[in-house]
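>>> how would this look folded up:
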Amino acid sequence: MQIKHAVPKGEHLTIGESAQLIGVSVDTLKRWKKAGRIASLRTPTGPRRFRRSDVEALLSSGQHTGRTASCVDAA
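Residues are numbered from 1 along each chain as shown. Below you'll find the model as predicted:
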């Protein structure tokens, strides 16, 4: 996978940075978080953050590709 934009090298990533790195939409990443596919943290002011190591683990596992029942919106 090719990354189109540089992502900061911090320990925690925003939901937008994480989604960009994985190559999915923010909404998809939110669904995956709700389904337990990836963990997130909340800052004291509320925004969601993802550990870079968790995002990289999801990428290396190959679980970020393809559509699964938990990722398909009901019509």
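
>>> Strands along this structure, start to end?
12-14, 41-42, 48-51 (DSSP state E).

>>> Can I get those strands in CSV including mean pLDDT and mean neighbour count?
(Each C-beta comes from the backbone N, C-alpha and C, glycine too.) Formatted as CSV, those follow (pLDDT from 0 to 100; neighbours: other C-beta atoms under 10 Å):
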stretch, mean pLDDT, mean neighbour count
strand 12-14, 93, 20
strand 41-42, 90, 10
strand 48-51, 93, 18
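
>>> Mind checking these for the one nearest to residue 33?
strand 48-51 (7.4 Å; C-beta to C-beta).

>>> which helices and strands sit right next to that closest one?
When contacts are defined as 3 or more C-beta pairs under 8 Å, 6 or more residues apart in numbering; DSSP states H and E, strand 48-51 sits against strand 12-14, helix 15-22, strand 41-42.

>>> Could you work out the end-to-end span of stretch 43-53 for me?
Using C-alpha to C-alpha, to the nearest Å, one end of stretch 43-53 lies 18 Å from the other.

>>> how much space is there between residue 62 and residue 22?
11 Å (C-beta to C-beta, to the nearest Å).

>>> Show me which of these two is the more surrounded one.
residue 22 (23 against 8; other C-beta atoms under 10 Å).

>>> roughly how far apart are the more buried one and residue 45?
Taking C-beta to C-beta, one finds residue 22 at 24 Å from residue 45.

>>> circling back: can you tell which of the strands of the chain is closest to residue 29?
Per C-beta to C-beta, nearest to residue 29 of those: strand 48-51, 7.8 Å.

>>> Parallel or antiparallel, list what pairs with the closest one.
strand 12-14 (antiparallel), strand 41-42 (antiparallel) (DSSP bridges).

>>> now the shortest one: how far from the chain's centre is it?
Going back to what we said before, that points to strand 41-42. In terms of C-alpha atoms, centre = their mean, to the nearest Å, the gap separating the centre of strand 41-42 from the centre of its chain is 13 Å.

>>> Cool, thanks, signing off.
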